[in-house]
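> pasting the structure only:
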């Protein structure tokens, strides 16, 4: 039985408590939050839980095996480091940390302590993303040419991170999960309308040496909520609409071929419009699947699907996007250092 403590029960924390409580071989025994009112309300729903107003007290609880951190990103590094030093396994909400350097330090510490460090990129556990990854790996779409993502709404303005750090981790983690090629650079632009230098609208382009390109549109100021992703291959294309209740993934048997004639500057394009296929998707709640993966990986001593490696990759891209935005959209190279290519295997081997 794995005893779990959860730090932060504001927006996302209650969902984590609910799902981890449903996982076999797991018991949520404590929560921590700075708000005493929130703790009192929460205690009415879960009267048997220990409650702490200081995260450090939860981390120091000897009955707790694993700590889940659902607090603002600027607190992640300090809390996770303290938990790892106390010998606790750690699950961090996305994004993993405020900088890639912080992520690297946590990964090194987890390896040194032989502890599991995981990041909650929940979308990797959805039936839609699993299906898209399977289709791409099977070559159903042919050679992948582009990914175009829109994640916009009239949303909550964050006081500490810009809109890319808030919304794009979902789609960047999906991108890194379903594609095997490593990106080499980014271009990003954004603007703020609140006078605090925190961008509320931003556009990010991720570049690859093969010619594959990924583009992300994120906004807190849209009158409508959109959660859409297009993935184009040279054989078929995918439309992924996360707000669609039943038909989230549609596969379009459409494409084009191009050729040149005697005029070298003129390209001839032949279009093909075919059928639309809607595949059946797994419907298990993604957050429950994530929680189950975390607990199972503790028991089986293996790396999770949403590993620290993916968390670090996402932060590397976000960090590069910050530099590009502050330099008027100039191209910024992504840190290609494969910090944990082999070291992550250490956790699997040390049983």
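It's in. Note that this is a predicted model, so its numbers are computed, not measured. Residues are numbered from 1 along each chain as shown.

> Show me what the helix or strand encompassing residue 76 is packed against.
Under the criterion of DSSP states H and E, residue 76 resides in helix 76-85. Helix 76-85 sits against helix 55-59, strand 66-69, strand 89-93, helix 100-113, with contacts defined as 3 or more CB pairs under 8 Å, 6 or more residues apart in numbering; DSSP states H and E. C-beta coordinates here come from the backbone N, C-alpha and C atoms, glycine included.

> got a pLDDT number for residue 299?
pLDDT, residue 299: 89.

> Are there helices or strands packed against the helix or strand containing it, and which ones?
Using DSSP H and E, residue 299 falls within helix 286-300. When contacts are defined as 3+ CB pairs under 8 Å, 6+ apart, helix 286-300 packs onto strand 2-7, helix 13-22, strand 117-120.

> So which elements touch the shortest one?
Judged by 3+ CB pairs under 8 Å, 6+ apart, the packing partners of strand 117-120 are strand 89-93, helix 100-113, helix 286-300, helix 308-326.

> So for residue 181, which of the ones you listed sits nearest?
Nearest to residue 181, of all the helices and strands packed on strand 117-120, is helix 308-326, at 12.2 Å by CB to CB.

> Mean confidence (pLDDT) on that closest one, please.
Helix 308-326 shows a mean pLDDT of 96.

> Need the contact partners of whatever helix or strand comes next after that helix.
Sequence order places strand 332-333 as the next helix or strand after helix 308-326, per DSSP H and E. With contact meaning CB atoms under 8 Å, 6 or more residues apart in numbering, strand 332-333 is reached by 184-188, 320-321, 323-324.

> 7 Å instead?
Here strand 332-333 makes contact (CB atoms under 7 Å, 6 or more residues apart in numbering) with 184-186, 320, 323-324.

> Could you do stretch 232-245 as well?
Counting by CB under 7 Å, 6+ apart, 128, 132, 140-146, 225, 227-231, 248-255 sit against stretch 232-245.

> tell me which residues in the helix holding residue 76 are buried?
Across helix 76-85, burial judged by 16 or more other CB atoms under 10 Å covers 76-77, 79-84.

> Next: stretch 113-131.
Within stretch 113-131, the residues that count as buried by 16+ other CB under 10 Å are 113, 115-131.

> Tell me which residues touch residue 220, please.
Counting by CB under 7 Å, 6+ apart, residue 220 has contacts 155, 157, 163, 200.

> out of these, which are buried?
In these, burial by neighbour count holds for 155, 163, 200, counting by 16+ other CB under 10 Å.

> okay if I get these as JSON lines plus distance to residue 294, secondary structure and pLDDT?
Listed next are these as JSON lines, based on distance: CB to CB, whole Å; DSSP: H, G, I helix; E, B strand; the rest coil; pLDDT from 0 to 100:
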{"residue": "155", "distance to residue 294": "27", "secondary structure": "coil", "pLDDT": "84"}
{"residue": "163", "distance to residue 294": "28", "secondary structure": "helix", "pLDDT": "97"}
{"residue": "200", "distance to residue 294": "32", "secondary structure": "coil", "pLDDT": "97"}
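
> how about the residues you listed in JSON lines, adding distance to residue 221?
Listed next are those as JSON lines, based on distance: CB to CB, whole Å:
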{"residue": "155", "distance to residue 221": "8"}
{"residue": "163", "distance to residue 221": "9"}
{"residue": "200", "distance to residue 221": "6"}
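
> sorry, back to before: outside of the helix holding residue 76, which residues touch it?
For helix 76-85, the surrounding residues in contact (CB under 7 Å, 6+ apart) are 7, 55-56, 59, 67, 69, 71, 90, 92, 96-98, 102, 106, 109-110, 113, 115.

> one more time with 6 Å, if that's ok
Residues from elsewhere that reach helix 76-85 (CB atoms under 6 Å, 6 or more residues apart in numbering): 55, 59, 67, 69, 90, 92, 97, 102, 106, 109-110, 113, 115.

> same question, stretch 183-196
For stretch 183-196, using CB under 6 Å, 6+ apart, the contacting residues are 198-209, 320-321, 324-325, 329, 331-334.

> Which among those residues count as buried?
Neighbour counting with 16+ other CB under 10 Å marks 198-208, 320-321, 324-325, 332, 334 as buried within the contacts of stretch 183-196.

> tell me the strands in the stretch 201-350 of the chain, going along the chain?
All strands of the stretch 201-350 of the chain, identified by DSSP state E, counting those that start in this stretch, fall at 201-207, 213-219, 221-233, 237-241, 249-252, 255-260, 267-272, 276-277, 332-333.

> Could you give the average pLDDT over the last one?
When you say that, I think you mean strand 332-333. 96.

> who does it pair up with?
strand 185-191 (antiparallel) (DSSP bridges).

> Check the first one too.
Strand partners for strand 201-207, identified by DSSP bridges, are recorded as strand 185-191 (antiparallel), strand 213-219 (antiparallel).

> so the first one versus helix 308-326, what angle?
By that I understand strand 185-191. 60 degrees (axes from the mean of the first three to the mean of the last three CA atoms, to 10 degrees).

> Throw the contacts of helix 76-85 into a markdown table and include distance to residue 170 and pLDDT, thanks.
Formatted as a markdown table, those follow (distance: CB to CB, whole Å; pLDDT from 0 to 100):
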| residue | distance to residue 170 | pLDDT |
| --- | --- | --- |
| 55 | 25 | 97 |
| 59 | 28 | 98 |
| 67 | 23 | 98 |
| 69 | 18 | 98 |
| 90 | 21 | 98 |
| 92 | 15 | 98 |
| 97 | 17 | 98 |
| 102 | 20 | 97 |
| 106 | 21 | 97 |
| 109 | 26 | 97 |
| 110 | 23 | 96 |
| 113 | 29 | 95 |
| 115 | 26 | 96 |
